[in-house]
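[1] Just a sequence and a predicted model for now, questions to come.
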Amino acid sequence: MKKILVGVVAGMLVLWAVPARAQSLEDLNIQIHGYATQGFLYTTNNNIFTTNSSDGSPAWTEAVVNVSAQPTPKLRVGVQGRYFLLGNLGNAITLDWAAADYKANDRFGVRFGKVKSPSGLLNEIQDIDPSYVWSLLPQSVYPLESRNSVLSHYGGVVYGTLKLGDKLGKLEYRGFGGQRQLGPTDGYLLNQREAGLVLPNGLGGTLEGGALHWKTPLPGLMIGASDFRDNHWTAQLTGNNGALTGTEKVEPFNLPDYFARYEKDKIMVAYEYDRIPVKASLQFPGLPGTPIGLDERSWYGMASYKLTEKFSAGVYDSQLVDHHVALGPARYSKDWAISGRYDFNQYLYAKAEQHFIRGTELGFDPDMNPGGLKPATKLTILKIGVSF
């Protein structure tokens, strides 16, 4: 299904772009946009994100390019590719999304292909670094090492806006479904890989869900919720350097998410909470199954302020607790972040960010920290970006 959907979208792009006799390039409204960023990481204690950050690491590079066309007023098609390097992760070009979007009117539209998943508050803008203040979005809800997997899915989204009247505001709805795949190098699977358990084709399965965004009568205030269900996910599993072959099975689970955002003039304030309850098992022929799982409760509160035309600042508190893990630093992550962004012009910007992290549940892995993990660390991030 994945190849068919993306192939259809790519074919539509070619068919509409080639026949200049029917439509000029100007008529097609072809647009090319993108950005590139280079980050530098330094931590006081633990190495983070599979980088040698305790010595200072520039191993965080990203480049994104998207091409879109609008052959008719109601139809838009587009595709986006991404190069990503983060320590020992990535160093490859991947497909972020490739979709056709037909908007009949304000009340109903549909997009299909590899589409962004409309879950949570910020998931659909994870791939647009120039649009926000922070170098890192709150890792409790939007882990950088899994950005590629959670941004989009293969399938479709229906969407629209319903007017509720002057006294009730507007209600934006999204319904979505299809298939999602966690790649074999996804951050969620890092600890398994380091334990010698490899998923050569990744882990995936079907999902369906929906989201509601209520734009309240109070200007600038939006309150929303989303939920989606991951169905029976399975994967091929190898262990003991390939000597054992088995399966990993994930039981169906729901991922509820609740959020709110208030924007007025130069200020933005937001909050989000979600829960990921996962039960899974590793099964090898002739051996008893090994249960694994997690029960993560995550939240963050953030605020930003545009001090001048070129300078913006922000702060957030991001926390996560896994109730399946014994008491101690490995059970939680508590991250205070202070951010600043300076826009030199409409194309060039720089970000600086300081994190104060307690707990080791997120971002750290034993192989990169052979001396053991310290319960607290400070993370400094410098990033420069160019957009077009």
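    Ah, there it is.

[2] tell me the secondary structure for the residue nearest the centre of the chain?
    Centroid-nearest residue in the chain: residue 147, 3.7 Å away (criterion: CA atoms, centre = their mean). Following DSSP: H, G, I helix; E, B strand; the rest coil, residue 147 is assigned to helix.

[3] Pretty sure it sits against residue 125.
    No: at 11.4 Å, residue 147 does not count as touching residue 125 under the criterion of CB atoms under 8 Å. In short, each C-beta sits where N, CA and C put it, glycine included.

[4] quick revisit: for the residue nearest to the centre of the chain, give me its contacts.
    84, 126-127 (CB atoms under 8 Å, 6 or more residues apart in numbering).

[5] where are the low-confidence patches of this protein?
    1-26, 240, 242-243 (pLDDT under 70).

[6] one more time with 80, if that's ok
    Filtered on pLDDT under 80, the chain yields the residue ranges 1-28, 188, 190-196, 239-244.

[7] Can you check the distance spanned by stretch 119-132, start to finish?
    Chord length of stretch 119-132, first to last residue, is 18 Å (CA to CA, to the nearest Å).

[8] The residue nearest to residue 110 when sequence neighbours are not counted sits in which helix or strand?
    Using CB to CB, 6 or more residues apart in numbering and skipping residues adjacent in sequence, the residue nearest residue 110 is residue 158, 5.0 Å away. For residue 158, the element it lies in under DSSP states H and E is strand 152-163.

[9] could I have that strand exported to CSV, CA atoms only?
    In CSV, the C-alpha atoms belonging to strand 152-163 read as follows (Å, rounded to 0.1, in the frame of the first residue of the first chain):
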residue,chain,number,x,y,z
SER,A,152,3.6,10.9,9.1
HIS,A,153,1.9,7.7,8.0
TYR,A,154,0.9,6.0,4.8
GLY,A,155,-2.9,6.5,4.2
GLY,A,156,-5.2,9.4,4.4
VAL,A,157,-6.7,12.3,6.4
VAL,A,158,-10.1,14.0,6.1
TYR,A,159,-10.4,17.4,7.6
GLY,A,160,-12.5,20.5,7.8
THR,A,161,-13.8,23.5,9.8
LEU,A,162,-17.2,23.8,11.3
LYS,A,163,-18.5,27.3,12.3
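
[10] packing partners for it?
    helix 2-17, strand 89-105, strand 108-116, strand 170-182 (3 or more CB pairs under 8 Å, 6 or more residues apart in numbering; DSSP states H and E).

[11] In the helix or strand following the last one, which residues are buried?
    It refers to strand 170-182. Counting by DSSP H and E, the next helix or strand C-terminal to strand 170-182 is helix 190-194. Neighbour counts using 16 or more other CB atoms under 10 Å place 190, 192 of helix 190-194 among the buried residues.

[12] Mind listing residues that contact helix 190-194?
    50, 145, 184-185, 198-199, 365-367.

[13] I'd say residue 114 and residue 81 touch.
    No: between residue 114 and residue 81 no contact is recorded; they are 11.2 Å apart, counting by CB under 8 Å.

[14] Give me the common contacts of the two.
    95-96.

[15] which one of those two has more residues nearby?
    Set residue 114 next to residue 81 and count neighbours by other CB atoms under 10 Å: residue 114 wins out with 22 against 16.

[16] which of the helices and strands packed on strand 152-163 is buried the deepest?
    Mean neighbour count (mean count of other CB atoms under 10 Å) peaks for strand 108-116 among these, with a mean of 20.

[17] Now do the contacts for the residue nearest to residue 110.
    Applying CB under 8 Å, 6+ apart, the residues near residue 158 are 108-110, 174-176.

[18] on that earlier part again, ok, now how distant is the residue nearest to the centre of the chain from residue 379?
    17 Å (CB to CB, to the nearest Å).

[19] now do residue 57
    From residue 57 to residue 379 the distance is 11 Å (CB to CB).

[20] more neighbours, these two?
    Taking neighbours as other CB under 10 Å, residue 57 and residue 379 compare with residue 379 leading, 23 against 20.

[21] three-state assignment of that one?
    strand.

[22] Just list whatever residues bridge to the residue lying closest to it once chain neighbours are set aside.
    Closest residue in space to residue 379, ignoring its immediate chain neighbours: residue 355 at 3.9 Å, by CB to CB, 6+ apart. Per DSSP bridges, the residues bridged to residue 355 are residue 337, residue 379.

[23] Residue 355 is in contact with residue 381, isn't it?
    Yes: shown here, residue 355 and residue 381 form a contact pair, counting by CB under 8 Å, at 7.3 Å.

[24] Need the residues touching each of these two.
    residue 136.

[25] ok, now how distant is residue 173 from residue 159?
    Distance, residue 173 to residue 159, by CB to CB: 7 Å.

[26] ok, now residue 267?
    Counting by CB to CB - residue 267 and residue 159 are separated by 28 Å.

[27] before we move on, what about residue 186?
    Residue 186 is 27 Å from residue 159, by CB to CB.

[28] Looking at the two, which has the bigger crowd around it?
    Per other CB under 10 Å, whichever of residue 186 and residue 159 has more neighbours is residue 186, with 21 against 18.

[29] Assess the claim that that one and residue 149 are in contact.
    Yes: the pair residue 186 / residue 149 is scored as a contact, 5.0 Å apart, by CB under 8 Å.

[30] how about the nearest residue to residue 302, chain neighbours excluded?
    residue 316 is the one closest to residue 302 (CB to CB, 6+ apart), at 3.6 Å.
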